[in-house]
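>>> fold the following.
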Amino acid sequence: MRKTLAVLAILIAASFGCASSALALIPTITSFTPTSLGAGTKVTITGTNLTGATSVKFNNVSGTSVTVLSATSVTAIAPKTTTGKIKVTTLGGTATSAASFTFIPVPTITSFTPTSGKTGVKVTITGTNLTGATSVKFNGVAGTTVTVVSPTTITAFVPDTSTGVITITTQGGTATSPKSFIVPIVASQMIAIPAGSFEMGNNGNEPFTPFNELPKRTVTLAAYSISKYEVTRGWYRQFINAGGYSKQSLWSAAGWSWKVNYSRTQPQFWTATQSWTPGQSFTQTDDHPVVGVTYYEAEAFCKWAGGHLPTEAQWERAARWTGTAANVYPWGNVWDVEKFNNFYDHNPAGGGFQRYQTAPVGSYIASASPVGCQDMAGNVWEWTQDWYKSYPSSATPLDYTNTYRTMRGGGWGSVDSYYRCAARFYSNPSYAYYHLGFRLAK
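You can find the predicted model right below:
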């Protein structure tokens, strides 16, 4: 009896096995989207009997991340391959698409002309596999009026951006130019700030709260303008060439006395090639901020340029005020070392070393303040015109009038707390170093 039951069990199991095999129906492919694709494209395949798909191949090259959505739908990520048909394999067999997909190869950029230009300049970019380009970016900013002329040529107009590589994105991927497109800095560009009030000082919710940033208060300013960039070496050279160091009328009495006493004819660290740490050097271009300037030199330059150093209030208003709130940092309230030139970022400053050097102004476009000023955190400290003293109603009063001038923004080697817009520092007006510069206000 036991033997009979065992035989019956075997027969029943075999019967179910046959039934399972019979239920694994032959799959079919009726369509797929998109029909043109590149490596990494997610493709949706529709058909019948696709349950249990074990592989999806594109011209016999296996796709990845195969996902069965239903008996009639499967998705897969296309591999690097060539134009051909799609195959889906299940327990029931292999289905082959009736139509072929078009594979779009990865694009490349070989050259572009012109190699430099300002906003609005038309640039012709040559390379391979450029058909179907969805974007052209200059240093991460989308170009305008993108036109695909041929598979090897695209034109686009330069947006409001700064020096950096060109990238082109197609369905096949993203191509990066082998060298940077140079956007000349208009160093004298000014940003108009309308009259109005803003909240100045530490907002109370910042990661650091030094006493000299308190108390927060409302400050009302008349309309003014401030330079978009820190004063560059190129702009400062114009001051030197115009006889700035020999015209007493441009200097304060204290400044002229200091200049004569030290026989000053140019800033410190004026030579283009600099080395600020052993074994590492870099070249300052005309687009790098001028450094090694005393308060007196900055003051004289600003008078020559028809303006003045910003007050602390003017500087802080331009650095942080959104119109309704005061940012902790120029770009917002979240700390991000990659947004500006500092000792810990990994973004090579201007294509060189990221430590122990300045970057060309405007290199970190993501650090822009709400009004569009660049580099108001990091790169170089910036002189402001105020004497260093406590804010009105401070619980810890101090007053260094006629002794120390204020500076803002932090330099490339500062500690974290000084990169906040409310942070204040100070020094003797005759101080000059390789992390100190300024910007112009009018």
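
>>> mind giving me the domain split of this structure?
Here the domain parsing of the chain from automatic domain parsing is 24-103, 108-181, 190-437.

>>> what ranges do the strands span in the stretch 151-300 of the chain?
153-157, 164-170, 173-181, 190-193, 196-200, 217-221, 224-227, 273-277, 280-283 (DSSP state E, counting those that start in this stretch).

>>> so can I have TSV of those strands showing mean neighbour count, distance to Pro330 and mean pLDDT?
To be clear about C-beta, it is placed using only N, CA and C from the backbone, and glycine gets the same treatment. Formatted as TSV, the strands of the stretch 151-300 of the chain follow (neighbours: other Cβ atoms under 10 Å; distance: least, Cβ to Cβ, whole Å; pLDDT from 0 to 100):
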stretch	mean neighbour count	distance to Pro330	mean pLDDT
strand 153-157	19	27	95
strand 164-170	20	19	92
strand 173-181	17	24	91
strand 190-193	16	13	97
strand 196-200	17	14	98
strand 217-221	13	18	97
strand 224-227	22	13	98
strand 273-277	14	24	94
strand 280-283	14	24	91
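
>>> any stretches of the stretch 1-150 of the chain with poor pLDDT?
1-23 (pLDDT under 70).

>>> what's the nearest residue to the most centrally placed residue in the chain if we skip its chain neighbours?
In the chain, the centroid-proximal residue (Cα atoms, centre = their mean) is Ala366; its distance is 4.2 Å. Leaving aside its chain neighbours, Ala366 sits nearest to Lys339 (4.9 Å; criterion: Cβ to Cβ, 6 or more residues apart in numbering).

>>> ok, that neighbour - how many residues close by?
22 (other Cβ atoms under 10 Å).

>>> surely it touches Tyr364?
Yes - Lys339 is in contact with Tyr364 according to Cβ atoms under 8 Å; the separation is 6.0 Å.

>>> contacting residues for the residue nearest to Ala366?
Contact analysis of Lys339 by Cβ atoms under 8 Å, 6 or more residues apart in numbering lists 329, 331, 345, 364, 366-367, 377.

>>> lowest-confidence one in those?
Of all these, Asp345 has the smallest pLDDT value, namely 81.

>>> list phi and psi for that one.
Dihedral pair for Asp345: phi -80, psi 160, per degrees, to the nearest 10.

>>> so how many other residues sit close to the closest residue to it other than its chain neighbours?
Once flanking residues are discounted, Asp345 sits nearest to Val337: 4.8 Å by Cβ to Cβ, 6+ apart. Using other Cβ under 10 Å, the number of residues around Val337 comes to 14.

>>> okay, Val337 and Gly437: tell me how far apart.
21 Å (Cβ to Cβ, to the nearest Å).

>>> and what of Trp315?
From Trp315 to Gly437 the distance is 13 Å (Cβ to Cβ).

>>> so which of the two has more stuff around it?
A direct count of neighbours by other Cβ under 10 Å for Trp315 and Gly437 places Gly437 higher, at 31 against 27.

>>> how close does the closest residue to that one other than its chain neighbours sit to Phe101?
Spatially, and ignoring its direct neighbours in sequence, Gly437 is nearest to Val380 (3.9 Å; Cβ to Cβ, 6+ apart). The gap separating Val380 from Phe101 is 54 Å, by Cβ to Cβ.

>>> so which of these two has more stuff around it?
Val380 (31 against 23).

>>> for the stretch 301-442 of the chain, what spans make up the strands?
381-387, 405-408, 425-427, 436-437.

>>> in its sheet, what does the third one sit against?
When you say that, I think you mean strand 425-427. Here strand 425-427 has these sheet partners by DSSP bridges: strand 405-408 (antiparallel).

>>> can I get the strand it pairs with as PDB, trimmed to CA atoms?
These are the backbone C-alpha positions of strand 405-408, laid out as PDB (Å, rounded to 0.1, in the frame of the first residue of the first chain):
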ATOM      1  CA  ARG A 405      39.500  99.100  10.300                       C
ATOM      2  CA  THR A 406      36.900  96.300   9.600                       C
ATOM      3  CA  MET A 407      37.100  93.600   7.000                       C
ATOM      4  CA  ARG A 408      34.500  91.000   5.900                       C
END
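
>>> please report phi then psi for Thr44.
phi -100, psi 120.

>>> neighbours of it, how many?
14.

>>> now do the contacts for it.
Applying Cβ under 8 Å, 6+ apart, the residues contacting Thr44 are 32-33, 73-75.

>>> repeat for Ala71
Neighbours of Ala71 in contact, by Cβ under 8 Å, 6+ apart: 48-51.

>>> what's the closest of these to Pro107?
Leu50 (32.6 Å; Cβ to Cβ).

>>> and the gap between Lys259 and Gln248?
Applying Cβ to Cβ, the value for Lys259 to Gln248 is 9 Å.

>>> who has more neighbours, the two?
Lys259 (19 against 12).

>>> what about the more buried one, distance to Lys118?
Taken as Cβ to Cβ, the span from Lys259 to Lys118 is 35 Å.

>>> same question for Thr161.
10 Å.

>>> repeat that for Trp256.
Taken as Cβ to Cβ, the span from Trp256 to Lys118 is 37 Å.

>>> Ala39 now?
For Ala39, the distance to Lys118 - Cβ to Cβ - is 36 Å.

>>> tell me which of the two has more neighbours.
Remark: of Ala39 and Lys118, Ala39 carries more neighbours, 18 against 11, as counted by other Cβ under 10 Å.

>>> what is the nearest of the contacts of Ala71 to Ser65?
Leu50 (15.4 Å).

>>> spit out the contact partners of that closest one.
Counting by Cβ under 8 Å, 6+ apart, Leu50 has contacts 27, 68, 70-74, 88, 90, 95.

>>> helix, strand, or coil at it?
Following DSSP: H, G, I helix; E, B strand; the rest coil, we place Leu50 in the coil state.

>>> please work out how many residues are found near the closest residue to it other than its chain neighbours.
Among residues not flanking Leu50 along the chain, Val74 sits closest, at 4.9 Å (Cβ to Cβ, 6+ apart). Using other Cβ under 10 Å, Val74 is surrounded by 27 other residues.

>>> for Val74, list each beta-bridge partner.
Bridge pairing for Val74 - DSSP bridges - gives Ile45, Val68.

>>> just checking, it touches Thr89?
No - applying Cβ under 8 Å as the test, Val74 and Thr89 come out as separate, 10.6 Å apart.
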